[in-house]
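J.: structural data only, the sequence is not supplied:
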């Protein structure tokens, strides 16, 4: 079936280091969104990026459609970046399918 | 602009009780989604509407769950006879159309004991 695979499942970094999160999908995506969720918190949309490269603040997302993968790069990480990052794909069905997320922990 | 509004924020039920969740999407958004997010998992779609029509409810446990959006604006998700396995956060989301950005509410955290 149509899946969304995220890696790594968890990542621990020191403050100031860069984080690289990966999302792989199983067929053509017509929409791709990256979300952030704090522990017990709500889903916050970070970037909508079905193709190409997009930047916002310290975040950069690059989606290579032909290779069915997307990455989220967080530069100069901060302790407040800790939480779960979720990738979600629309396979032209009008609905988002989520991966299981990457749990990011930034140590001071 | 107001975001997606959900109520209540929390609910605690005994098994067998019923509960309703309410969602007010962003004004002008024709598509409304209900997701279930068990603890430490990604959200899973239960049902979604375009205007008042159900587009996909294939993952909605129809024996105990129901969802309506009668005027194509607000929506209600109801669980009859809740089970412990229904313990999760229920998220409502909306978007202005196909292949557009989807915005989520803060969710309702349900605990069934």
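T.: In hand now; what should we look at? Here the structure is a predicted model, which means the values were calculated and not measured.

J.: so what's the closest residue in space to residue A:17 that isn't next to it in sequence up against?
T.: Spatial nearest neighbour of residue A:17, excluding adjacent residues (C-beta to C-beta, 6 or more residues apart in numbering or on different chains): residue A:77 at 5.6 Å. In short, each C-beta sits where N, CA and C put it, glycine included. Residue A:77 sits next to A:13, A:15, A:16, A:17, A:18, A:19, A:104, A:106 when contact means C-beta atoms under 8 Å, 6 or more residues apart in numbering or on different chains.

J.: switch to 10 Å and redo it
T.: By C-beta atoms under 10 Å, 6 or more residues apart in numbering or on different chains, the contact list for residue A:77 reads A:11, A:13-19, A:58, A:104-107.

J.: shouldn't it be within a strand?
T.: No. Secondary structure of residue A:77 (DSSP: H, G, I helix; E, B strand; the rest coil): coil, not part of a strand.

J.: read off the pLDDT value for it.
T.: Reported pLDDT at residue A:77 in the predicted model: 97.

J.: low-confidence stretches in chain B?
T.: Scanning chain B for pLDDT under 70 picks out the ranges B:1.

J.: tell me the residues of chain A that contact chain B?
T.: A:4, A:6, A:29-31, A:33, A:35, A:37, A:40-45, A:47-48, A:50, A:84, A:86-88, A:90, A:92-101, A:103 (C-beta under 10 Å from any C-beta of the partner chain).

J.: apply the buried test to the residues you listed and list what passes.
T.: Buried by 16 or more other C-beta atoms under 10 Å in any protein chain shown: A:4, A:6, A:29, A:31, A:33, A:35, A:37, A:42-43, A:47-48, A:50, A:84, A:86-88, A:90, A:94-101, A:103, out of the residues of chain A next to chain B.

J.: report the central residue of chain B.
T.: residue B:34 (3.1 Å; C-alpha atoms, centre = their mean).

J.: now residue B:111, which residues is it bridged with?
T.: For residue B:111, the beta-bridge partners are residue B:12 (DSSP bridges).

J.: swap that for residue A:106, please
T.: Beta-bridge partners, per DSSP bridges, of residue A:106: residue A:13.

J.: which parts of chain B sit against chain A?
T.: B:3-4, B:6, B:31, B:33, B:35, B:37, B:39-45, B:47-48, B:50, B:55-56, B:59, B:89, B:91, B:93, B:95, B:97-107, B:109.

J.: what's the neighbour count on residue 8?
T.: No chain in the question, so chain A it is. Counted by other C-beta atoms under 10 Å in any protein chain shown, the residues lying close to residue A:8 total 12.

J.: wait, chain B was what I had in mind.
T.: Using other C-beta under 10 Å, residue B:8 has 12 neighbouring residues.

J.: run through the residues that contact it.
T.: So residue B:8 contacts B:19, B:20, B:21, B:22, B:108, B:109, B:110 (C-beta under 10 Å, 6+ apart).

J.: what of residue B:46?
T.: B:33-36, B:56-61, B:65, B:67, B:77, B:90-91.

J.: filter those to the buried ones?
T.: B:33, B:34, B:35, B:36, B:56, B:57, B:60, B:65, B:67, B:77, B:90, B:91.
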